[in-house]
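# sequence unknown, structure follows:
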């Protein structure tokens, strides 16, 4: 285990160089000048598209600096404000921590990474505008985020069309499995460190079928690709009768009619895909309305603050969640477990994977990341295992022509052909305002089902 600490990174960077990790927060003005300069083999222009700047060898293992000493531009897009703001700050913190560590280890191709942080505001249109601005004005080659699948469906085509590699830390919608593939079907510019919700839907159904033995169920879901996709998978794998499939709008504060529709015909259990903001309102109105019933909720509702504040209301609720590695090093460098929000480890891992892919490809471009991403995520014979805060070990191995396998803060991130992982899951139940582990669901459970 690495002895790296965040304090060591800040000391190594020094007060004079910390600006190299550009933390351009959401309050920063969106304007600026295009800075793509076409170093090496790239086609630079005022739109910031000069990203291809070096070449690796025939095995894809580059050992130079890509023909440039200029910083490599990354971007992040997380929900710092809006419906999912309970998570976004932690996502941004984790991605920036990874960049600090990577830069402290010399950076990919001996170049520092500069990052521009932006807030999705929970708005697909605004997030799309900000993504385009980062491409055209900052010249980013890689994006970390977004969290929401609804926003992910907006950003993936932009990534594809501009040959920028996007890795989401929280998009789980099954509809995004094949997102980001170019017209020649040979490069995929969208991946994710979060698992496909086909997995989570199977776990929700497992609780209903095996744990609760339910005969009837209704499903309540946020009306976007994430919510609908997950609810559909869970319903399809529920052994009993699905009574009602009800989507809810995030634009209202009165969910009485929605709850009436969900609980029509008195279902044995309700599967819920809710964000904390609307979820808190829905659960309060459910309690006030005396609807009764058993909840099985997807991971999006798992906000410690929400569970604590509604402890009496959510007592006994089941929650599904992908497993994480619970890395002591990651927790320490993030300043403690309380600073780690849902899917923050996945943002950290996405950042590491992009940097390792650049090192392997020998080129700081979106295409190089896309073409080398899977290789640095999966084990092969004789490779070097790279963990949390161990970029220097991975970089050294790649410079020596060896392969690497990154296992990170979220666990193993062995990406499949769709550039998404298959991971173990946890079944939790709320007890006294806390989500308590009830059962671990191994990867073997999903074999032959997805």
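Yep, that arrived. Everything quoted here is computed from the prediction, not taken from an experiment.
# in this structure, what spans have low per-residue confidence?
For the chain, applying pLDDT under 70 flags the ranges 1-67.
# Just want the most central residue of it.
Against the mean C-alpha coordinate of the chain, by Cα atoms, centre = their mean, the closest residue is residue 169 at 0.7 Å.
# any idea how far residue 95 is from that one?
From residue 169 over to residue 95 the distance is 8 Å, taken as Cβ to Cβ, to the nearest Å. C-beta coordinates here come from the backbone N, C-alpha and C atoms, glycine included.
# what is in contact with these two at once?
Common neighbours of residue 169 and residue 95, using Cβ atoms under 8 Å, 6 or more residues apart in numbering, are 144-145, 347, 350.
# tell me the contacts of residue 163?
Contacts of residue 163 (Cβ under 8 Å, 6+ apart): 51, 182, 187, 189, 365-367.
# Can you verify residue 430 is assigned to a strand?
Yes. Residue 430 sits within a strand when classified using DSSP: H, G, I helix; E, B strand; the rest coil.
# these two touch, right, it and residue 316?
Yes. Judged on Cβ atoms under 8 Å, residue 430 makes contact with residue 316 at a distance of 6.4 Å.
# neighbour-wise, which of those two wins?
Higher neighbour count among residue 430 and residue 316: residue 430, with 22 against 9, using other Cβ atoms under 10 Å.
# would you list the contacts of residue 163 in CSV and tack on neighbour count, distance to residue 213 and secondary structure?
What follows is the contacts of residue 163, written out as CSV (neighbours: other Cβ atoms under 10 Å; distance: Cβ to Cβ, whole Å; DSSP: H, G, I helix; E, B strand; the rest coil):
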residue, neighbour count, distance to residue 213, secondary structure
51, 30, 55, coil
182, 14, 47, coil
187, 16, 47, coil
189, 28, 44, coil
365, 25, 53, coil
366, 26, 49, helix
367, 18, 51, helix
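# Packing partners of the strand or helix carrying residue 96?
Assigned by DSSP states H and E, residue 96 belongs to helix 85-104. For helix 85-104, the packing partners by 3 or more Cβ pairs under 8 Å, 6 or more residues apart in numbering; DSSP states H and E come out as helix 6-17, strand 72-78, strand 113-119, helix 276-289, helix 344-361.
# between these, which gets nearest to residue 406?
Nearest to residue 406, of all the helices and strands packed on helix 85-104, is helix 344-361, at 6.0 Å by Cβ to Cβ.
# That closest one to helix 85-104, inter-axis angle?
When axes from the mean of the first three to the mean of the last three Cα atoms, to 10 degrees is applied, the directions of helix 344-361 and helix 85-104 differ by 30 degrees.
# Let's have the helices and strands packed on helix 85-104 in CSV, adding distance to residue 90.
Below are these laid out as CSV (distance: least, Cβ to Cβ, whole Å):
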stretch, distance to residue 90
helix 6-17, 15
strand 72-78, 9
strand 113-119, 13
helix 276-289, 13
helix 344-361, 4
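# Then residue 109 would be within a helix, right?
Yes. Under three-state DSSP, residue 109 sits within a helix.
# So it versus residue 216, what's the distance?
58 Å.
# The two: which has the busier surroundings?
Legend: neighbour count by other Cβ under 10 Å for residue 109 and residue 216, higher for residue 109 (27 against 16).
# hang on, the more buried one packs against residue 364?
Yes. Between residue 109 and residue 364 there is a contact under Cβ under 8 Å: 6.3 Å.
# Residue 440 pairs with what?
Beta-bridge pairing of residue 440 under DSSP bridges involves residue 426.
# That one and residue 424 touch, don't they?
Yes. Applying Cβ under 8 Å as the test, residue 440 and residue 424 come out as touching, 6.2 Å apart.
# residues near residue 391, how many?
Neighbour count for residue 391, taken as other Cβ under 10 Å: 28.
# How about the one 4 residues further on?
Each residue near residue 395 was counted by other Cβ under 10 Å, and the total is 23.
# what sits against it?
105-106, 108, 356, 359.
# Is it located within a helix, as I assumed?
Yes. Under three-state DSSP, residue 395 falls within a helix.
# If we ignore the residues flanking it in sequence, what's nearest residue 172?
Leaving aside its sequence neighbours, residue 172 sits nearest to residue 197 (Cβ to Cβ, 6 or more residues apart in numbering; 4.1 Å).
# Residue 293 now?
Nearest non-adjacent residue to residue 293, counting by Cβ to Cβ, 6+ apart: residue 270, 5.5 Å away.
# Any idea what that neighbour is bridged to?
According to DSSP bridges, the residues that bridge with residue 270 are residue 218, residue 295.
# State the distance from it to residue 342.
21 Å.
# ok, the residue nearest to residue 293 - how many residues close by?
A total of 25 residues lie near residue 270 under the criterion other Cβ under 10 Å.
# that older thread, so which pair among the shared contacts of residue 169 and residue 95 is furthest apart in space?
Checking the shared contacts of residue 169 and residue 95 with Cβ to Cβ, the most distant pair is 145 and 350, at 8.1 Å.
# Return every residue with contacts to both of the two.
Shared contacts of residue 145 and residue 350, defined by Cβ under 8 Å, 6+ apart, are found at 95, 168-169.
# Make CSV from those residues and add distance to residue 405 to it.
Listed next are these as CSV, based on distance: Cβ to Cβ, whole Å:
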residue, distance to residue 405
95, 21
168, 21
169, 20
